[in-house]
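J.: below is the structure, and that's it, no one-letter string:
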Ligand code: BDP
């Protein structure tokens, strides 16, 4: 198994009696109507059943009269009203929210019911039926019963997007699975068959939009030449209910428009964008909209002309005019030299609340710094009630061990979604901000920075697929549990053998906290290798900006460790609600996982765990690295239940992971020891190498 088929393997159900039961309920498919997405749904169902049941199932236009056969009917029902709730047999979650989409019932929601012996999949749109079909297939893929199936599900978030950071030259920014899957040189004439498999995979988890290019954008995509290529990709994705979006370069009017400015208040600039947008919609009638990184990390933006983010975003919203599209404006900004980076996006964006046009969503990373292995939630969530805020998470593991470390991100995403902002009292979770229910926003969105590349198995690390999968499932329904999603993915992708499923899902579920322990325990952050963002470099003292060094963040000295963000320090804590300020503001009540995010603590300070800070730090580094050995043992034990090629691949990567976990451990304990001047606590052995040796080792990776 080379991993290409992802979780859509559709291998034959081995249990003959179960297969016979499934076969009896799936003797035909009826697809009523010609809607293109409905036809896709019927074809996918046929393909899935062919594989799983080892029988070909005909697709009919209408049910045969007086037939005694039982089958599956796909029916678009304009009156269907499926509210945002999920009731599935195999993934438990809370039953109801009153999100904006619930009020009207999402056109993407589906229902599966048993009627007169047949299974009827219904919803208001072809896309709804496609999602229903994938849910039905998932029942079979996870070996759930079909008899009397009753299943209702509707997305809680409207825009569920992958963000590709793919460049026109085929490289992928922070991509670790080969080059870009988009072959711009070949388009529009040659359509790589892979695009369709990509679309299937996304649709199977409810993703309904993709931004094709990097946020550090090239103006190329807005040229007629490239729009034809984009249109060709859109043509492959459309039958799967997926719209394309583009990241835009703010300076495009200058770069390709021949103008001397890109000031958003300049009428010529406005006209240029309006005209260009009309051209886009002529080429791609269902174009989704624009994603913008402006005045961030050297990218141009409205501030270059003394304007603000709202001026820029609103100008693009006006350019969209009557077209059905959105502007996704990123809040990932940090101006140099203005105090704690933690606070900078908040300071720029919060005052603009209420100033954004209706088509604008502000896209906010999960945490205030930058996709670290663990961050407190971004303080903008809950602080901009009049603006729809999208959540951006990173599936590509820039700070989480690239494609060599096994890190399942379901728990990371869920942790952010479940974080309580207290914006409107207890229970005002990030999830409710993002799905629009807290403030009754009409639009809502979530984006995952894709971890996909041209590697045969899509994600480099086979388990990276689980992160793509989990993102889609949580984007659809944030009440799902990451553990249940991990189990689902494991059964669909790796094995059905119950003990192996248990072991693998255990490894997945623990993997992120293990990674945190051997890299950045207790709330340490941003101490990774410069530029590359791989491996440890806590000793990094000089960089182009102070907030790109490690010492800016860990602040180790002879007294202690950590960034004081209380009122005595940068006071970033003041950006949070009083309840959080209080809890996180005292080392006694701050959860250990966040301690060094908010406090500079003495090395000898006794923590809630009973150990002094230094001992706790070492304990986490050592047990974290040892836990990779546990992961290896668990993985070794499932060998008979998993495909040999896949098994060997993951086993080898786990070996690298352990070697590098030891790097992290040794680098960090030896470096911090130069400040703490305390011994490595028993029972842990002293590292066998010196700090100088490990520095040399790590430096090799920084050589060009
Ligand atoms: C940082 C990445 C950089 C991205 C940036 C962003 O290192 O490559 O361009 O985020 O999100 O984490 O814009």
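T.: Happy to help now that I have it. Values in this document were obtained by computation on a predicted structure and should not be read as measured data.

J.: and the chain, which residues reach the ligand?
T.: Selection of the chain residues close to the ligand by CB under 6 Å from any ligand atom yields 173-174, 215-216, 293, 297, 332, 370-371, 398. Placement of C-beta: from N, CA and C, glycine included.

J.: now with 8 Å?
T.: With CB under 8 Å from any ligand atom as the criterion, the chain comes near the ligand at residues 165, 173-174, 214-216, 293, 296-297, 299, 330, 332, 365, 370-371, 392, 394, 398-399, 449, 533.

J.: name the residue of the stretch 501-650 of the chain that lies nearest to the ligand.
T.: Using CB to the nearest ligand atom, the closest approach of the stretch 501-650 of the chain to the ligand is made by residue 533 at 6.3 Å.

J.: what strand or helix carries that residue?
T.: Under the criterion DSSP states H and E, no helix or strand holds residue 533.

J.: surely it meets residue 396?
T.: No - using CB atoms under 8 Å, residue 533 is not in contact with residue 396; the gap is 10.8 Å.

J.: anything in contact with each of those two?
T.: residue 174 (CB atoms under 8 Å, 6 or more residues apart in numbering).

J.: mind checking how far residue 471 is from residue 326?
T.: Distance of residue 471 to residue 326, computed by CB to CB, to the nearest Å: 19 Å.

J.: quick one: residue 34 is in a strand?
T.: No - the assignment for residue 34, made by DSSP: H, G, I helix; E, B strand; the rest coil, is coil rather than a strand.

J.: my guess is residue 401 meets residue 660, correct?
T.: Yes - with contacts counted by CB under 8 Å, residue 401 reaches residue 660, the gap being 7.3 Å.

J.: neighbour count for the two, which is higher?
T.: A side-by-side neighbour count of residue 401 and residue 660, using other CB atoms under 10 Å, places residue 401 first with 26 against 21.

J.: just to revisit the earlier point, residue contacts, the residue of the stretch 501-650 of the chain closest to the ligand?
T.: Contacts of residue 533 (CB under 8 Å, 6+ apart): 174, 398-399.

J.: could you report the pLDDT at it?
T.: Looking at residue 533, its pLDDT stands at 96.

J.: can you check residue 242 too?
T.: Here the pLDDT value assigned to residue 242 is 99.

J.: I'd like the distance between it and residue 360.
T.: 22 Å.

J.: now do residue 544
T.: Distance from residue 544 to residue 360, by CB to CB: 31 Å.

J.: same question, residue 429
T.: Plainly put, residue 429 is 23 Å away from residue 360 if you go by CB to CB.

J.: also residue 292?
T.: Separation of residue 292 from residue 360 (CB to CB) stands at 10 Å.

J.: between the two, which contacts overlap?
T.: Here residue 292 and residue 360 have 313, 316, 327-329 as joint contacts, going by CB under 8 Å, 6+ apart.

J.: so the residue in the chain that the ligand sits nearest to is in which element?
T.: Using CB to the nearest ligand atom, residue 370 is the residue of the chain that sits closest to the ligand, at 4.5 Å. Residue 370 is located outside every helix and strand, with elements delineated by DSSP H and E.

J.: isn't it up against residue 393?
T.: No - between residue 370 and residue 393 there is no contact under CB under 8 Å: 12.0 Å.

J.: and those two? which has more neighbours close in?
T.: Set residue 370 next to residue 393 and count neighbours by other CB under 10 Å: residue 393 wins out with 23 against 18.

J.: part of a helix, is the more buried one?
T.: No - remark: residue 393 does not belong to a helix; assigned using three-state DSSP, it is strand.

J.: re earlier: now for the shared contacts of residue 292 and residue 360: which two are most distant?
T.: Distance extremes for the shared contacts of residue 292 and residue 360: the farthest pair is 316 and 328 at 9.8 Å, using CB to CB.

J.: what do these two both touch?
T.: 290, 292, 360.

J.: residue ranges in the stretch 251-400 of the chain under the pLDDT threshold?
T.: 337 (pLDDT under 70).

J.: run the last query once more with 80
T.: Confidence mapping of the stretch 251-400 of the chain against pLDDT under 80 gives the ranges 336-338.
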